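Participant: got a structure for you, letters missing:
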């Protein structure tokens, strides 16, 4: 959670961490904003997609900016995939895009030699 909190505080493209704690021993919970636009995985699976090229380019621009911001803070996401790329709201055009990178549970600080490679 320490990495998630640091990343969200400094990077507008990382989903905010509102609260977290332990519901009971061994069960961690995290409270984050609802992303009503769904994940890229769900959009692709539903066959809806992001229709126009300008909107697709804006999604990719924001995703690249978010990853660059993580790397600038010496953070490696380690599990970036369409299911972990959320859209804050439904998208109807390039001006509606609001990408949020989620699930930094596998993230690590770059240079951390204690992390194992998969």
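Facilitator: Structure's in. What do you need? Not measured: the values here are computed from a predicted model. Numbers count the residues shown, from 1 in each chain.
Participant: drop to CA atoms for contacts and neighbour counts, all remaining ones
Facilitator: OK.
Participant: Let me see the ranges of the strands in this structure.
Facilitator: Using DSSP state E, the strands found in the chain span residues 19-24, 27-31, 38-39, 75-76, 85-87, 99-101, 108-109.
Participant: Show me the longest helix that occurs in this structure.
Facilitator: helix 53-72 (DSSP state H).
Participant: now what about that helix, what contacts it?
Facilitator: 7, 11-14, 50, 76-77, 85, 93-95, 97-101, 110 (C-alpha atoms under 8 Å, 6 or more residues apart in numbering).
Participant: picking up where we left off before, so of the strands of the chain, which one's packed in deepest?
Facilitator: strand 99-101 (a mean of 26; mean count of other C-alpha atoms under 10 Å).
Participant: about what we covered before: and the strands of the chain as TSV, adding distance to residue 56?
Facilitator: Output for the strands of the chain, formatted as TSV (distance: least, C-alpha to C-alpha, whole Å):
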stretch	distance to residue 56
strand 19-24	31
strand 27-31	28
strand 38-39	14
strand 75-76	24
strand 85-87	12
strand 99-101	11
strand 108-109	28
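Participant: I'd like the ones you listed as a markdown table, with mean pLDDT and distance to residue 60 appended.
Facilitator: Putting the strands of the chain into a markdown table (pLDDT from 0 to 100; distance: least, C-alpha to C-alpha, whole Å) gives the following:
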| stretch | mean pLDDT | distance to residue 60 |
| --- | --- | --- |
| strand 19-24 | 88 | 28 |
| strand 27-31 | 87 | 26 |
| strand 38-39 | 90 | 13 |
| strand 75-76 | 88 | 18 |
| strand 85-87 | 94 | 10 |
| strand 99-101 | 94 | 9 |
| strand 108-109 | 83 | 23 |
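Participant: distance of the closest residue to residue 94 other than its chain neighbours from residue 80?
Facilitator: Nearest residue to residue 94 in three dimensions, chain neighbours excluded: residue 55, at 4.1 Å (C-alpha to C-alpha, 6 or more residues apart in numbering). As for residue 55, its distance to residue 80 is 20 Å (criterion: C-alpha to C-alpha, to the nearest Å).
Participant: Cool, thanks, talk later.
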